[in-house]
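In: got a predicted structure here, sequence first:
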Amino acid sequence: MMSNDLTETTPPAPRISPQLIDTVGLELEAVLGRTAMTVGELAALKSGGVVPLDVPLNQQVELRLNGIAVARGELVAVDDRFGVRLEEIVAWPQ
């Protein structure tokens, strides 16, 4: 008589290697601030124009992964580019 128990014939599920997870690409965004404007104001923007943001100059930059805040830090110059010096790593949601 055959058993209906598949555990004897089903191999265990393979484990995912941590090295595989470490190679998965992602995109991290730095959020400096926000502003609200009309379509007309947006259409009127020209090269050299300035869009004021809703945060003071010394406000922390927020780093977001898929829209979720994961860190905060200070905007810094790195050679001829910008970077973020991390000051706080946000606890990952459970």
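Out: The structure has been received and is ready for your questions. This structure is a prediction, so every number in the text was calculated from the model and none was measured.
In: alpha carbons only: can I get the lowest-mean-pLDDT helix or strand in the chain in CSV?
Out: Between all helices and strands in the chain, the lowest mean by mean pLDDT, DSSP states H and E belongs to helix 18-22, at a mean of 83. The C-alpha coordinates for helix 18-22 follow below in CSV (Å, rounded to 0.1, in the frame of the first residue of the first chain):
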residue,chain,number,x,y,z
PRO,A,18,23.9,34.9,1.8
GLN,A,19,26.4,35.6,-1.1
LEU,A,20,23.5,35.5,-3.5
ILE,A,21,21.4,38.0,-1.5
ASP,A,22,24.4,40.3,-1.2
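In: name the helices or strands packed onto the helix or strand following it?
Out: With elements assigned by DSSP states H and E, the helix or strand that comes after helix 18-22 is strand 28-31. Strand 28-31 is packed against strand 61-65, with contacts defined by 3 or more C-beta pairs under 8 Å, 6 or more residues apart in numbering; DSSP states H and E. All C-beta atoms are positioned from the backbone trio N, CA, C, and that covers glycine.
In: ok, then the element right after the strand it packs on?
Out: Following strand 61-65 in sequence, per DSSP H and E, is strand 68-78.
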